[in-house]
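Visitor: Take this sequence and fold it.
(2 chains)
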2 protein chains.
Amino acid sequence: MTTTPEIETLMLTCGRDARRAFQALGKFSSGARNGGLMAAADAIQNDQAQILEANAADLEAAREKGLSAAMLDRLALDADRLRGISDGLRSIAALPDTLGVVSDEWERPNGLLIQRVRVPLGVIGIIYESRPNVTVDAAGLCLKSGNAVILRGGSESLRSNRALHEAFVSGLESAGLPGGAVQLVPTTDREAVGFLLSSMGDYVDVIVPRGGRSLVERVKQDARVPVIGHLDGICHIYVHSQADQDKAVDIAVNAKMRRTGICGAAETILVDRQIADTALPAIVNALTEKDCEVRGDKDVCHRCPNAVPATDADWSTEYLDAIVSIRVVDGLDAAIEHIETYGSGHTESIVTEDQEAADRFLADVDSAIVLHNASTQFADGGEFGMGAEIGIATGRIHARGPVGAEQLTSYKYVVRGSGQIRP
Amino acid sequence: MTTTPEIETLMLTCGRDARRAFQALGKFSSGARNGGLMAAADAIQNDQAQILEANAADLEAAREKGLSAAMLDRLALDADRLRGISDGLRSIAALPDTLGVVSDEWERPNGLLIQRVRVPLGVIGIIYESRPNVTVDAAGLCLKSGNAVILRGGSESLRSNRALHEAFVSGLESAGLPGGAVQLVPTTDREAVGFLLSSMGDYVDVIVPRGGRSLVERVKQDARVPVIGHLDGICHIYVHSQADQDKAVDIAVNAKMRRTGICGAAETILVDRQIADTALPAIVNALTEKDCEVRGDKDVCHRCPNAVPATDADWSTEYLDAIVSIRVVDGLDAAIEHIETYGSGHTESIVTEDQEAADRFLADVDSAIVLHNASTQFADGGEFGMGAEIGIATGRIHARGPVGAEQLTSYKYVVRGSGQIRP
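Guide: Numbering: from 1, shown residues only, chains lettered A, B, ... in the order given. As a prediction, the model looks like this:
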């Protein structure tokens, strides 16, 4: 892909400014960074009128373009949502500091004292769709860990993002922090994204895509810098032969239906043949009562007239909707094999009262999060106690599972000697 | 780049076999994996005759191609070196196990117990030059952490690598482990590397390049999977105004001259102006006595007739040779600024008796390894007590500094509940 010189200049300036601000940030204490986050939260509330006006313009343009009601809802801000966004920043400021923590420490026989100390990642590029709240959440989490950030949101939310960004930066600067630490890509030109992914390795340490599968795939394909992201959340519940069937029903319904659009929502339920006759009707009835469509294999349809037949494609589909696929399996090994074959390595849960079976499942299922007797909807940084998250990583490099402030750090080795030379 | 169908088939088979072996490896205990490493060490010693014969053929072909003496030396094996290689495997087997370690654990108010548990990375691709020992070291370290590995060495060492690989696999299999966990790319066709880097993301989790700058750059440019590697080791010694000058001389000479060809060798020495009159001649004389060429700025050349003038390019050059650049700086901030401008983020050391200055340097210099009163040549996994290393990472993602067995792991979250559903 070619890039026009204008875009290149814009983007390189953006990258250099972010890098410089990142270096400047190193001089500030965590208290100062938290003060900056609080000031940004205040600024967003103070600038409410301008932000809502910009958002109204985005919404009007989006309606003219014929965006779906769901998309419009994601894009829309109001006073309540803005307060939620500001409160989110304040709760990030209140999180314990992750920088400077000595995560490991040991002494060598020659007297060298080695410490592994947590440091920021550097400059983080965030590419996201048209949710203006991500502009603030992501910037807040990056700053919390001492990183600079380059934000590139969906073009539908450009006016809203600009207004939020302006408020955020003015808040930072009023607290004495470098406003350049939060950069908003200054153009909606698609070339700019390509350039950010492919040609800014000198300035950007990692890219985090936040959005649907096509966005993440594109980022992974084009990026020449490391990417932390996830593609699919095809999460499974396995109801083991020794399951407490009441728990199984509660967990299955919650994992599928609490919110169907999040990546931790269950998409497939595996039911052990030994308890299929009783567990299956209970689970299927509970789900259909909640207006969930059940697609089952032969063993399911045979027992549950309210299920429709599943096709092979169902086992690898992330519905993100009130649809679930259900299959009968012959024991723990068959369940694990199904998950290995069709899962996306995100989150899986076993329901059982048999501790040994649970331990085997937790050890052998190779997913970012494995649970015993709990809903897959707990796959969330907030629920894990991380305070906030920038997403869930399904890759195995650097971060896996919820990506919070700690996962946005690197480390360095600090070695203290008394004149040691290497023999 | 296009790839012929033959190469694609070869490489996809290799990737699938590695992935399958990785999954099979999960069933083996660390004791079993260590047993496999010991058996591989034995097999390499038992197959000494075939390995040395293959190496002799490589050496002959390399001589005909006119390879340098240094390259031939890297390629050459003999009984002693083979014993060293086997002993290296045995010492990897003796390292403590890194898998299954619970690195963090906490309970949520709702009773969920969350553990972060160390798991293997997956399938690791190693691309290296013509040092046959890397074939065994890298495979050993990967297996230690439960990973499968795809090895691609330099074409000059192909026969040696094949013989070593065959011995390694036969050792693994004799101990009951899946031989497929160690794959050697079955062709020297350069297309195969391109395909490995660009099109095997379904099978390969991370690529580790081991070699010179051009190899690493090519890998970083072409890879569509994460890369752990380092480009340059432009390491600095800063002799502070409060340095013990005897320590400064010893550390400078050791950091530069102990071995000049390793990435932790110092390339630039910064001397504080306050002690330049005494420290400079002492350091420069000690280095020139060891036949090190000294390239200095005006302040150095003025004080030391045995120094030659440095050019601007010297400050960003990794000599990997008996050459050093020396510059006079005005205090700690100027030293840090020089390192920020010209350093490669690898390893830097301050020599001083002033604890406050040391602490500032250790905190503010943003390199993988920062030392106080110690030689930069300690930048090594063995010297850090990691037992063995696969290289030194200067990136900030996943691993930074020496990459040992622990750095070749990922983690997963194990969550134990009693029927919790998310409100």
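Visitor: How is chain A partitioned into domains?
Guide: A:5-229+A:403-414, A:235-378 (automatic domain parsing).
Visitor: Ends of the longest one, what's the gap?
Guide: Here the two ends of domain A:5-229+A:403-414 are set 42 Å apart, with distance taken as C-alpha to C-alpha, to the nearest Å.
Visitor: near chain B, anything from it?
Guide: Yes. Interface with chain B: domain A:5-229+A:403-414 contributes A:23, A:26, A:106, A:108, A:112, A:114, A:119, A:121-122, A:201, A:205-206, A:220-221, A:224, A:226-228, A:410-414 (C-beta under 8 Å from any C-beta of the partner chain). For glycine as for every other residue, the C-beta is placed from the backbone atoms N, C-alpha and C.
Visitor: Which of those fall in strands?
Guide: The members of the residues of domain A:5-229+A:403-414 next to chain B that map onto strands under DSSP state E are A:W106, A:I114, A:V119, A:V206, A:S410, A:Y411, A:K412, A:Y413, A:V414.
Visitor: which pair in those spans the largest distance?
Guide: Spatial extent of these (C-beta to C-beta) is set by the pair A:W106 and A:V206 at 28.2 Å.
Visitor: if we can go back for a sec, now a PyMOL select for only the buried ones of the residues of domain A:5-229+A:403-414 next to chain B.
Guide: In PyMOL syntax, the buried subset of the residues of domain A:5-229+A:403-414 next to chain B is picked out as below (16 or more other C-beta atoms under 10 Å in any protein chain shown):
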select buried, chain A and resi 112+114+119+121+122+205+206+220+224+226+227+228+410+411+412+413+414
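Visitor: Just the buried positions in stretch A:97-110, please.
Guide: By neighbour count with 16+ other C-beta under 10 Å, stretch A:97-110 contains the buried residues A:D97, A:T98, A:L99.
Visitor: need the residues you listed in CSV with secondary structure and pLDDT, can you?
Guide: Shown next, in CSV, are the buried residues of stretch A:97-110 (DSSP: H, G, I helix; E, B strand; the rest coil; pLDDT from 0 to 100):
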residue, secondary structure, pLDDT
A:D97, coil, 91
A:T98, coil, 89
A:L99, coil, 93
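Visitor: So which elements touch the helix or strand bottoming out on mean pLDDT in chain A?
Guide: Of all helical and strand segments in chain A, the minimum by mean pLDDT, DSSP states H and E falls on helix A:213-222, at a mean of 87. Judged by 3 or more C-beta pairs under 8 Å, 6 or more residues apart in numbering or on different chains; DSSP states H and E, helix A:213-222 is in contact with strand A:123-128, helix A:190-199, strand A:206-210.
Visitor: same thing but 6 Å
Guide: Applying 3 or more C-beta pairs under 6 Å, 6 or more residues apart in numbering or on different chains; DSSP states H and E, we find helix A:213-222 packed against strand A:206-210.
Visitor: Report the mean confidence score over the strand it packs on.
Guide: Per-residue pLDDT over strand A:206-210 has a mean of 92.
Visitor: Can you spell out which helices and strands pack onto it?
Guide: Looks like strand A:206-210 contacts strand A:123-128, helix A:213-222 (3+ C-beta pairs under 6 Å, 6+ apart).
Visitor: how far does the following helix or strand past the shortest one sit from the chain's center?
Guide: Reading on from strand A:123-128 to the C-terminus, the next helix or strand found by DSSP states H and E is helix A:132-144. Helix A:132-144 sits 12 Å away from the centroid of its parent chain (C-alpha atoms, centre = their mean, to the nearest Å).
Visitor: tell me which parts of the stretch 301-423 of chain A are close to chain B?
Guide: Contact residues (C-beta under 6 Å from any C-beta of the partner chain) of the stretch 301-423 of chain A with chain B: A:362, A:368-375, A:377-378, A:385, A:396-398, A:400-401, A:410-422.
Visitor: Helices - which of these land there?
Guide: Among those, DSSP state H puts A:L362 in helices.
Visitor: Selection in ChimeraX covering whichever of the residues of the stretch 301-423 of chain A next to chain B are buried, please.
Guide: Under the burial definition 16+ other C-beta under 10 Å, those of those that qualify are selected in ChimeraX by:
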select /A:362,368,369,370,371,372,373,374,375,377,378,396,397,398,400,401,410,411,412,413,414,415,416,417,420,421,422
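Visitor: and the domains of chain A as a markdown table, adding distance to B:E340?
Guide: A markdown table is the format used below for the domains of chain A (distance: least, C-beta to C-beta, whole Å):
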| stretch | distance to B:E340 |
| --- | --- |
| domain A:5-229+A:403-414 | 7 |
| domain A:235-378 | 36 |
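Visitor: how many other residues sit next to the closest residue in space to A:N46 that isn't next to it in sequence?
Guide: Leaving out its chain neighbours, the residue that sits closest to A:N46 by C-beta to C-beta, 6 or more residues apart in numbering or on different chains is A:A167, at 7.4 Å. Neighbourhood size, A:A167 [other C-beta atoms under 10 Å in any protein chain shown]: 24.
Visitor: Quick check: which ranges of chain A have low pLDDT?
Guide: Residue ranges of chain A with pLDDT under 70: A:1-2.
Visitor: wait, A:S145 sits on A:A405?
Guide: Yes. A:S145 is within contact range of A:A405, at 4.8 Å (criterion: C-beta atoms under 6 Å).
Visitor: Identify the contacts common to the two.
Guide: Here A:S145 and A:A405 have A:T98 as joint contacts, going by C-beta atoms under 6 Å, 6 or more residues apart in numbering or on different chains.
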